[in-house]
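Novice: Mind looking at a prediction? Sequence and model below.
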Amino acid sequence: MWDEPPPANPDPGANPPESKVDYKDDDWQDIFLPHDALIASAPSQKACPDGCSGKSFIPRHVLWYRKTFTIPAEWKSDTFWLDFEGSFRETTVWIDGVLSGRHSCGYTPFRVRLDNITSVEAGKPTTIAIFVDPDNGDEGARDHGSGWWYEGGGLHREVNLVRASKLHVAQSGLFAYSNLTWDGDKVATGVVHAKAELANGGTTAGSACVKFTVMSSDGDVAATAMTSAPVAVAAGGTGYAEASLEVKTPLLWSSSSPNLYTINATVHDGSCSSPAIDNVQEMHGFRELRWDANDGFFLNKEHFKIRGFCDHNNFAVVGMAVPKRVNLFRAQASRAVGGNGRRTSHNPPDPAMLDIYDRIGVTVMDENRLFDNKSQYYDNMGALVKRDRNHPSVVIWSFCNEVGCEGKPHRLQASCTAKLRCSHLGGMRRQARGGRAALPRDRPGV
């Protein structure tokens, strides 16, 4: 089978036997996540006459994953879900044999809620089955199944089981940006504008007070603020809590001195005197960005020359499932030869990689993978921005890669729409696209 070309458009159907709880998987291989299911496979010129998978000659056959686990009994009053950080590419999820989720980007995160599935009970076993087709995913077009580079296949990023109270901060729901006030060439104050999206997974309406805290890298509290009144959140709905926090003479984030702060959002049930029911945090860097068509890029009012690399996600023998230690090595190697920038060619990066760049002062052009003038691509771009918008290392978004947009006005229109989506989500950076073609000036949205 492995030496044969992958089927053109494999369809597991709504109720495949592999998804069933009683399916016998005793002879399946045990693996650890993250996992690139293709990298250890033998190449085949017969199955891949044109090269497959970035000219690796590794066939991109379909994959199955299964796991049975028990939700802790004490979670019975909470909400819980599986968070997927990245699965390449067309991914379908069943929970206890019930079709529960699909995702096709390959690199953006997605979530499968568990506590609202009838068969799932805290304290009892739950079986998850995942079908991954690495050869399709871009509307079933096999020529888009993988780029000219190696993209692997499978659950190549982490999958986490996450628990929260019914009323909680939504996925990637904490966002903070800052404005600086300067006194000459020194920063006098930094005002953090923090916003938390609250989600109510319960069946009754609720309300919450949110306390925001800015903490230095030493653990000292730099500023605190809370919502002026409880935020009402309807059952199954969302609400927003906002506050501004002033920090005196903050330490700036720069390439040479990447100073970091932590923004905490603590959710209290009803009023802020009530017990905390959720807490999330994001890293924050105080810095000022300016792009000038004539003079280039300025970081904290100083001209900054980006000396960077276009670096793909995969690495040597580990393929797409790159360990954090290897990613740290890559970043340090870049810095060792004078690098201070990275373009994430050509896909949303591993979140752990951005954490590293935040800490060591590498600026990032954060790039999407697929692009077209259709809603699924806008959703993917929106997921990229919402996930990565808090990273101080990200200084520009890349929404339309090189020749993918040249001579294709409908794709250029897509990049304009993505720019509007980015602004709506609070991306707060410039947006770029590769290529040389231009839209007509009378085209709507330009």
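Specialist: Sure, I can see it.

Novice: CA atoms for contacts and neighbours, from now on please.
Specialist: OK.

Novice: how close does G184 sit to T68?
Specialist: As judged by Cα to Cα, to the nearest Å, G184 and T68 stand 61 Å apart.

Novice: Compare these two (neighbour count), which wins?
Specialist: T68 (13 against 7; other Cα atoms under 10 Å).

Novice: Just the buried residues of the strand or helix carrying the more buried one, please?
Specialist: Using DSSP states H and E, T68 sits in strand 63-70. For strand 63-70, the neighbour count (16 or more other Cα atoms under 10 Å) marks L63, W64, Y65, R66 as buried.

Novice: Name the SS class of the residue nearest to the third one when sequence neighbours are not counted, please.
Specialist: It refers to Y65. Once flanking residues are discounted, Y65 sits nearest to I130: 5.0 Å by Cα to Cα, 6 or more residues apart in numbering. Assigned state for I130: strand (three-state reduction, DSSP: H, G, I helix; E, B strand; the rest coil).

Novice: what ranges of the chain fall below the confidence cut-off?
Specialist: Applying pLDDT under 70 to the chain picks out residues 1, 137-146, 401-424, 426-428, 430-446.

Novice: tell me the domain ranges of it?
Specialist: 17-164, 167-284, 306-433 (automatic domain parsing).

Novice: Determine the three-state secondary structure at R325.
Specialist: Classified using three-state DSSP, R325 is helix.

Novice: What about A316, how many residues nearby?
Specialist: A316 - counted by other Cα under 10 Å - has 8 other residues nearby.

Novice: quick revisit: relative to R290, which of the domains of the chain is closest?
Specialist: When these are compared by Cα to Cα, domain 306-433 sits nearest R290, at 8.8 Å.

Novice: returning to that earlier point: need the next SSE after the strand holding T68, C-terminal direction.
Specialist: Immediately after strand 63-70, counting by DSSP H and E, sits strand 79-84.

Novice: ok and the following helix or strand past that next one relative to strand 63-70, angle-wise?
Specialist: Remark: after strand 79-84, the chain's next helix or strand is strand 90-95, criterion DSSP H and E. Computed by axes from the mean of the first three to the mean of the last three Cα atoms, to 10 degrees, the angle separating strand 90-95 from strand 63-70 equals 30 degrees.

Novice: what residues does strand 90-95 touch?
Specialist: The contact list for strand 90-95 (Cα atoms under 8 Å, 6 or more residues apart in numbering) reads 19, 99-106, 114, 126-134, 136-137.

Novice: right, and the helix or strand after that strand?
Specialist: Downstream of strand 90-95, the first helix or strand assigned by DSSP H and E is strand 98-103.

Novice: List the buried residues of that next one.
Specialist: Buried-residue list, strand 98-103, by 16+ other Cα under 10 Å: V98, L99, R102, H103.

Novice: so I277 makes contact with L198?
Specialist: No: I277 lies out of contact with L198 (Cα atoms under 8 Å); the separation is 11.8 Å.

Novice: Show me where the stretch 251-400 of the chain has its strands.
Specialist: Using DSSP state E, counting those that start in this stretch, the strands found in the stretch 251-400 of the chain span residues 261-269, 276-284, 289-292, 296-299, 302-303, 308-310, 341-343, 363-367, 394-400.

Novice: what's near enough to touch V62?
Specialist: Contacts of V62 (Cα under 8 Å, 6+ apart): P6, P10, F131, V132, D133, P134, D135.

Novice: Save those as JSON lines, and put in neighbour count too.
Specialist: Formatted as JSON lines, these follow (neighbours: other Cα atoms under 10 Å):
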{"residue": "P6", "neighbour count": "19"}
{"residue": "P10", "neighbour count": "13"}
{"residue": "F131", "neighbour count": "23"}
{"residue": "V132", "neighbour count": "27"}
{"residue": "D133", "neighbour count": "26"}
{"residue": "P134", "neighbour count": "29"}
{"residue": "D135", "neighbour count": "29"}
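
Novice: before we move on, the earlier item: quickly check the buried residues of strand 63-70 for the two that are furthest apart.
Specialist: Using Cα to Cα, the pair of the buried residues of strand 63-70 lying farthest apart is L63 and R66, separated by 10.4 Å.

Novice: Report the set of residues contacting both of I277 and L198.
Specialist: What both I277 and L198 touch, as defined by Cα under 8 Å, 6+ apart, is the set L167, H168.

Novice: Please say which of the two ends up with more neighbours.
Specialist: L198 (25 against 16).

Novice: what's the burial count for the closest residue to the more buried one other than its chain neighbours?
Specialist: In space, and not counting its chain neighbours, L198 is closest to V169: 4.5 Å by Cα to Cα, 6+ apart. For V169, the number of neighbouring residues by other Cα under 10 Å comes to 27.

Novice: So that it lines up with my notes, have the first residue be 82 from now on.
Specialist: Right, with 82 as the first residue, what we last looked at is V250.

Novice: Was I right to think V250 contacts G282?
Specialist: No: with contacts counted by Cα under 8 Å, V250 stays clear of G282, the gap being 10.6 Å.

Novice: quick one: the most far-flung residue of the chain relative to its centre from K382, how far?
Specialist: Relative to the C-alpha centroid of the chain, counting by Cα atoms, centre = their mean, G265 is the outermost residue, at 37.6 Å. Separation of G265 from K382 (Cα to Cα): 11 Å.

Novice: just W83 next, same as before
Specialist: 56 Å.

Novice: now do G422
Specialist: 18 Å.

Novice: Compare those two (neighbour count), which wins?
Specialist: Legend: neighbour count by other Cα under 10 Å for G422 and K382, higher for G422 (25 against 12).

Novice: That one bridge partners, please.
Specialist: Residues in a beta bridge with G422, per DSSP bridges, are G389, T444.

Novice: Verify the stated contact: it with F390.
Specialist: Yes: taking Cα under 8 Å as the definition, G422 is a contact partner of F390 at 6.4 Å.

Novice: re the thing from before, can you redo the domains of the chain as JSON lines with distance to N375?
Specialist: Listed next are the domains of the chain as JSON lines, based on distance: least, Cα to Cα, whole Å:
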{"stretch": "domain 98-245", "distance to N375": "34"}
{"stretch": "domain 248-365", "distance to N375": "22"}
{"stretch": "domain 387-514", "distance to N375": "15"}
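
Novice: related to what we said a few turns ago, which members of the contacts of V143 are the farthest-apart pair?
Specialist: Across those, no pair lies farther apart than P87 and F212, at 14.6 Å, counting by Cα to Cα.
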